[in-house]
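*Asks:* structure for this input, please:
(one chain, ligands or ions: 2)
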Amino acid sequence: MTVLGCIADDFTGATDLAGLLARAGVRVNMRIGVPDAAPGDTAPFEVIALKIRTTPVEDAVTQALSALDWLKAAGAKRFFWKYCSTFDSTDEGNIGPVAEALMDALGTRQTVYCPAFPENGRAIFMGHLFVGRQLLAESTMKDHPLTPMHDSNLMRLLGPQVQGDVGLVDRLTVARGAQAIREALAVAPPHVVVDAVADEDLITIARACRDMPLMTGGSAVAMPLPALYRTDGLIDDQADAALPAPPADAAVVLSGSCSAMTRKQVAAYRAPKYKLDPLALAQDGPEDALDWLGDQDLAVAPLIYATAEPDEVRAAQAELGTAHAGELVEDALAECARAARADGARRFVVAGGETSGAVTQALGVERLAIGPEIAPGVPWCFATSDGHPIAITLKSGNFGSEDFFARALATL
Ligand SMILES: Nc1ncnc2c1ncn2[C@@H]1O[C@H](COP(=O)(O)OP(=O)(O)OP(=O)(O)O)[C@@H](O)[C@H]1O
Ligand SMILES: O=C(O)[C@@H](O)C(=O)CO
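*Replies:* Ligands and ions are numbered 1, 2, ... in the order given. The predicted structure follows:
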């Protein structure tokens, strides 16, 4: 029986959430998209990964409501809406509209918004989101290609996205404990941003809000929930995870992320590397990359990447159009994933949210069991692809340390 039903707006975000929940040793399932079949073998924590961060609002809401129906059918009575710890969204959405649609469907008056993730440098103080020591709008997120963040005030960011009023439970209240938060929420409007700068704040917030039908945020505010549910008697020891054995170690690394941290990770990785060029892909397709890959020894985990500096990305986008440039790269990396699997690769390290969508789809992965964590918010996952057991990790653009790729391969 599912206790907490989670809906994530992208794939790396979903593994991030699933990984943090799994830290408590509970069984967590992650599903790619809403399963066609009715819930069968479900876990106490189910995470449905959607790709709705930047889709039109109506489409995002429809998909989220369909995920909600599946999770309700799985038995969940509490739900979590996971979005990016940098609040990636526009004036139109999709964070607010999806939250409001879920609230309506659940018949609940109020929800909380807490994207803080202290371990990865995301903190909220007086409603302002920080990335490391910088305000969100002064961080590299100001240049994000799809959701550039030009304000750091979460109330102002959320306001235009929702019909109801937006309020704040600030750090001073959080510091006074769970009861103080509950009292503040009782007189607050429907949409409430909650400050958190450290994990202790997140524990207090989770304690105060754990019975709400809907919580929303980054992954970290959900992290305390399994332990609290255990104390509440909602899950038992049988919820503990039993992990499959790691698959054979032939591996490939695929990176379509151009985020600042991924650029450092690609530069730091010591293995044979092949760089994809969107302009060449537009002309000649991925044959050259596939030929190169066919000649590689998968025991040393070669890297195929399109990761490039912002100027290079802008030049390709100007020539090909942003969406087409992205598609060419994603299609090529998807082909490479399939070719590597045919050559025996059973471990896949993937960087980038969109890229992860393309690769998991190419590998026909539908369900992932959550394994050991490589870096905060980035676990190994176990799945089946074309009848083979595989391990795959989906890394958010800005997560992990510079040695992430080597570290990932050493972790299994
Ligand atoms: N050299 C390039 N030129 C143009 N577009 C590129 C290039 N390299 C990658 N892309 C595209 O940029 C997008 C990168 O998005 P992706 O979500 O994979 O990474 P990210 O934004 O760093 O990750 P996350 O969403 O986890 O933070 C993809 O659509 C990818 O195909
Ligand atoms: O919350 C985060 O920062 C990540 O899980 C993510 O959503 C990146 O796409």
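
*Asks:* so residue 373 bridges to which residues?
*Replies:* With DSSP bridges as the criterion, residue 373 is bridged to residue 379.

*Asks:* what's the neighbour count on it?
*Replies:* Using other C-beta atoms under 10 Å, residue 373 has 18 neighbouring residues. C-beta: built from backbone N, CA, C; applies to glycine.

*Asks:* for it, give its distance to residue 28.
*Replies:* From residue 373 across to residue 28, the span is 12 Å (C-beta to C-beta, to the nearest Å).

*Asks:* double-check residue 313 against residue 259; I have them as touching.
*Replies:* No. Counting by C-beta atoms under 8 Å, residue 313 does not reach residue 259; the two are 10.8 Å apart.

*Asks:* show me the contacts for residue 331.
*Replies:* When contacts are counted by C-beta atoms under 8 Å, 6 or more residues apart in numbering, residue 331 touches 281, 286, 358.

*Asks:* and which of those residues is nearest to ligand 1?
*Replies:* Ranked by distance to ligand 1 (C-beta to the nearest ligand atom), the contacts of residue 331 are led by residue 358 at 7.5 Å.

*Asks:* just to revisit the earlier point, now narrow the contacts of residue 331 to whatever sits close to ligand 1.
*Replies:* Counting by C-beta under 6 Å from any ligand atom, nothing from the contacts of residue 331 sits close to ligand 1.

*Asks:* possible to save these as a markdown table with secondary structure, neighbour count and pLDDT?
*Replies:* Below are those laid out as a markdown table (DSSP: H, G, I helix; E, B strand; the rest coil; neighbours: other C-beta atoms under 10 Å; pLDDT from 0 to 100):
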| residue | secondary structure | neighbour count | pLDDT |
| --- | --- | --- | --- |
| 281 | helix | 22 | 98 |
| 286 | coil | 22 | 98 |
| 358 | helix | 25 | 93 |
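
*Asks:* wait, which of these is closest to residue 308?
*Replies:* residue 281 (12.6 Å; C-beta to C-beta).

*Asks:* thought the closest one was touching residue 330?
*Replies:* No. Here residue 281 does not reach residue 330: they are 10.4 Å apart, not a contact under C-beta under 8 Å.

*Asks:* which stretches of the stretch 251-400 of the chain form strands?
*Replies:* Per DSSP state E, counting those that start in this stretch, the stretch 251-400 of the chain carries strands over the ranges 251-255, 273-275, 303-305, 347-351, 367-375, 378-385, 388-395.

*Asks:* dump these to TSV, plus mean pLDDT and distance to ligand 2.
*Replies:* As requested, the strands of the stretch 251-400 of the chain are arranged in TSV below (pLDDT from 0 to 100; distance: least, C-beta to the nearest ligand atom, whole Å):
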stretch	mean pLDDT	distance to ligand 2
strand 251-255	98	14
strand 273-275	98	23
strand 303-305	98	18
strand 347-351	98	11
strand 367-375	92	12
strand 378-385	95	9
strand 388-395	96	9
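
*Asks:* and these as JSON lines, adding distance to ligand 1?
*Replies:* As requested, the strands of the stretch 251-400 of the chain are exported to JSON lines (distance: least, C-beta to the nearest ligand atom, whole Å):
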{"stretch": "strand 251-255", "distance to ligand 1": "8"}
{"stretch": "strand 273-275", "distance to ligand 1": "9"}
{"stretch": "strand 303-305", "distance to ligand 1": "8"}
{"stretch": "strand 347-351", "distance to ligand 1": "7"}
{"stretch": "strand 367-375", "distance to ligand 1": "13"}
{"stretch": "strand 378-385", "distance to ligand 1": "10"}
{"stretch": "strand 388-395", "distance to ligand 1": "7"}
